[in-house]
Structures are given as C-alpha cells and as structure tokens.
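In: need a structure here:
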Amino acid sequence: MTRKSQEKWRKILSNLLAGLILFFITHIIIWFQVNGQFIWPWAKENPALIALVGFPISYILIIATEYIVAGFDGLLWPGRLIGFGSGMIVMAVLTWYMLGEGINLKTMTSLILATGLVCVQVFWR
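Out: Down below sits the predicted model:
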C-alpha cells in the first residue's frame, strides 16, 4: 500500500469515526431529552426548556452527516442508515440501563439487526 493510499484510508476512517462518535453522542442526548421526563420531575414539568436542546442537537447531527458523507465518497444513504442503527443501539442500552426495561427477544433481535446495519454500512466497501 502506497503512502498516498494509506493517507486516503486514514482520512476515510477518521471521517467515519468522527461521524459515528457524533451520532452516538447526539442519540444519547436525544434519549435524555425525550425520556428525561420519566426520570426527573423537573424534566416532566419543563418540556419547553428541554425542547431548546433541539437546536444544538440538530447542528451536531448536520456535522455528523457531513463526516459520514465524506467518509463514503459523497453517498448520503450510508449516513442515514448509520444514524438509524446507532439510535436503535442507544435506545436499547439506555432504556435498559436507566429505566430497567428489560431487553426481550424482540428487542435483542432489533438490536442485533441495528448493529448489523451499522457494520454493513461501515465495513462493506
């Protein structure tokens, strides 16, 4: 592998990693924004204030999409599917951890499929 091709792959992987990290961070924030009402009384009593978090979340998602599209040579669909899959993973894990809602067979199957979806988009070239 030439130095130029190594640099190209490094750039692709760094874009994909940055996009994935930003997608996971935003989905974690979104989970707390939407489901905080079931954890903290303050969040339930102040939905308008909680909704204001939507602006920075949207901005970060725009940046995450930019990284993913750059990592996939301008293709938009992989980013959409990675965003969906990462959201499913975050939803399953945080709902189980924070609210004690067990992961049943149906949820586990969905989680496996979502993980597979993310892996197909990231690793299948």
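In: buried residues in stretch 88-98?
Out: For stretch 88-98, burial by neighbour count (16 or more other Cβ atoms under 10 Å) applies to 88-92, 94-95. Every C-beta, even on glycine, is put in place using the N, C-alpha and C of the backbone.
In: can I get these in CSV with distance to Val118, pLDDT and secondary structure?
Out: Output for the buried residues of stretch 88-98, formatted as CSV (distance: Cβ to Cβ, whole Å; pLDDT from 0 to 100; DSSP: H, G, I helix; E, B strand; the rest coil):
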residue, distance to Val118, pLDDT, secondary structure
Met88, 9, 88, helix
Ile89, 7, 89, helix
Val90, 11, 94, helix
Met91, 13, 93, helix
Ala92, 13, 89, helix
Leu94, 17, 96, helix
Thr95, 18, 95, helix
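In: go through those and name the one nearest Ile21.
Out: Val90 (12.3 Å; Cβ to Cβ).
In: which residue is the nearest non-sequential neighbour of the closest one?
Out: His27 (4.0 Å; Cβ to Cβ, 6 or more residues apart in numbering).
In: list the contacts of the one you found.
Out: 86-87, 89-91 (Cβ atoms under 8 Å, 6 or more residues apart in numbering).
In: apply 10 Å and report the result again.
Out: Each residue near His27 by Cβ atoms under 10 Å, 6 or more residues apart in numbering is listed here: 57, 61, 64, 83-84, 86-91, 94.
In: before we move on, what about Gly54?
Out: By Cβ under 10 Å, 6+ apart, Gly54 lies in contact with 29-30, 33.
In: check Val118 too.
Out: With Cβ under 10 Å, 6+ apart, Val118 has these contacts: 20, 23, 78, 81-86, 88-89.
In: state the mean pLDDT of the longest helix that the chain contains.
Out: For the chain, the longest helix by residue count, based on DSSP state H, is helix 3-35. Mean pLDDT, computed over helix 3-35, is 94.
In: what element comes up after it heading to the C-terminus?
Out: Using DSSP states H and E, the helix or strand that follows helix 3-35 towards the C-terminus is helix 41-45.
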